[in-house]
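In: structure of the sequence below:
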Amino acid sequence: MFDHRNRRADKRLDQKEALSLTIVFTSQNPGLLGKTIKGSTIDISASGLRIMLKAPLPADSTIDVSIKLKDDPYTYFLSGKVHWCNESDEEGVYEIGIAIQDLINTETDFKRWRKTVK
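Out: The predicted structure is shown next:
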């Protein structure tokens, strides 16, 4: 499997915990709209996520997501781009890299996320 871990501009925090990811918008797979997918973080940074999910997300797709981390009372609404998606060693489980983006014309929790993760 290709090693994507060294592409992030911000410091990565190894943080393995449950997450709930709700697809609010996706440019590539309308069938995922409104779906909540359970998974876990592998690591997080102020500008991205490396996660494990039981569903693939198409690479190069733009997504808006609502993310709730297990030990954090806040739910984050974030926009991002799926940079890569690979099936893991466990069948039906996917490792996914998402770059989080700040959008000018959309209200997101990008700044709050950056403060929380830095």
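
In: any idea what residue 96 is bridged to?
Out: Applying DSSP bridges to residue 96 yields these beta-bridge partners: residue 51, residue 85.

In: residue contacts, it?
Out: 49, 50, 51, 52, 53, 56, 57, 82, 84, 85, 86 (C-beta atoms under 8 Å, 6 or more residues apart in numbering). Every C-beta, even on glycine, is put in place using the N, C-alpha and C of the backbone.

In: could I get the residues you listed as a markdown table with distance to residue 25?
Out: Conversion of the contacts of residue 96 to a markdown table gives the following (distance: C-beta to C-beta, whole Å):
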| residue | distance to residue 25 |
| --- | --- |
| 49 | 17 |
| 50 | 21 |
| 51 | 18 |
| 52 | 22 |
| 53 | 17 |
| 56 | 17 |
| 57 | 12 |
| 82 | 12 |
| 84 | 20 |
| 85 | 17 |
| 86 | 23 |
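
In: select only the buried ones of the residues you listed in PyMOL?
Out: Written as a PyMOL command, the selection of buried residues from the contacts of residue 96, which uses 16 or more other C-beta atoms under 10 Å, is:
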select buried, resi 49+50+51+52+53+56+57+82+84+85
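
In: other residues contacting the helix or strand bottoming out on mean pLDDT in the chain?
Out: Using mean pLDDT, DSSP states H and E, the weakest-scoring helix or strand in the chain turns out to be strand 13-14, at a mean of 77. For strand 13-14, the surrounding residues in contact (C-beta under 8 Å, 6+ apart) are 42, 43, 44, 45, 117.

In: any idea how far residue 61 is from the last one?
Out: Residue 117 sits 23 Å away from residue 61, going by C-beta to C-beta, to the nearest Å.

In: who wins for most neighbours among the contacts of strand 13-14?
Out: residue 44 (26 neighbours; other C-beta atoms under 10 Å).

In: return the residues in contact with that one.
Out: Residues in contact with residue 44 (C-beta under 8 Å, 6+ apart) are 12, 13, 15, 50, 117.

In: just to confirm, which helix or strand has it in it?
Out: Residue 44 belongs to strand 36-45 when elements are defined using DSSP states H and E.

In: direction included, what does that strand pair up with?
Out: Taking DSSP bridges, the sheet neighbours of strand 36-45 turn out to be strand 13-14 (antiparallel), strand 18-26 (antiparallel), strand 48-53 (antiparallel).
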